[in-house]
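> Quick one, what's the 3D model for this:
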Amino acid sequence: MTTTAPSYLSTVMTPGPQLLRLSLRLDAVVTGVNGLAYVALAKPLESLLGLDTAIGIPIGIFLTLYGVAVAIIGTRQSISTGATRVVIAGNAAWVVVSLAALVEGALELNLVGSIWAVMQAVTVGGFAALQYLGLRKAQ
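Predicted structure coming up:
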């Protein structure tokens, strides 16, 4: 007897509405938790990353609100194409701005902070790519 169970891997490997919904929800959770951490742990993160709290707290507030907005989009019965495009564009902009700020030294991050910024950019870029693929196949 053979049974098959749905898995997240099969969802990711099969682009379409399921991939779109999953990638939006994961983005919302990761972004929201990241934002809350920037706010709640501002002082320790300043020491760890070299990110000034005067910059980290506003970034955290933005990320928390952005995460909530992405969650709302990703949990609707019918996911809005326009709203998803805005999320994809926002994620792509985050990647570009993050890397530009890193190259320019605008945030004065230390080595750990620089590595964190690159990891964040790669993660956000991955979400944007999955969302784009899911949206394209869902239409």
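> as a whole number, average confidence for the one helix or strand residue 35 maps to?
Per DSSP states H and E, residue 35 falls inside helix 17-40. Confidence for helix 17-40, expressed as mean pLDDT, is 96.
> Residues contacting that helix, please?
8, 11-12, 45, 56-57, 59-68, 70-71, 73-75, 79, 84, 87, 91, 120, 123-124, 127, 130-131, 133-135, 137-138 (C-beta atoms under 8 Å, 6 or more residues apart in numbering). In short, each C-beta sits where N, CA and C put it, glycine included.
> Just checking the distance from the lengthiest helix in the chain to the centre of its chain.
The residue-count maximum for a helix in the chain (DSSP state H) belongs to helix 111-138. Remark: helix 111-138 is offset 6 Å from the chain centroid, using C-alpha atoms, centre = their mean, to the nearest Å.
> So for that helix, what gets flagged as buried?
113-114, 116-117, 120-121, 123-125, 127-128, 130-135, 138 (16 or more other C-beta atoms under 10 Å).
> picking that back up, heading C-terminal from the helix holding residue 35, find the next helix or strand.
Counting by DSSP H and E, what follows helix 17-40 is helix 42-49.
> just the angle between that following helix and helix 17-40, please?
When axes from the mean of the first three to the mean of the last three C-alpha atoms, to 10 degrees is applied, the directions of helix 42-49 and helix 17-40 differ by 100 degrees.
> and after helix 42-49, which helix or strand comes next?
helix 53-74.
> Where does pLDDT dip in this structure?
Applying pLDDT under 70 to the chain picks out residues 1-15.
> Let's see that with 50 instead.
Low-confidence segments of the chain, defined by pLDDT under 50, are absent.
> mind checking how far residue 84 is from residue 104?
Distance from residue 84 to residue 104, counting by C-beta to C-beta, to the nearest Å: 30 Å.
> ok, the two, which is more surrounded?
For residue 84 versus residue 104, neighbours defined as other C-beta atoms under 10 Å are more numerous around residue 84 (21 against 8).
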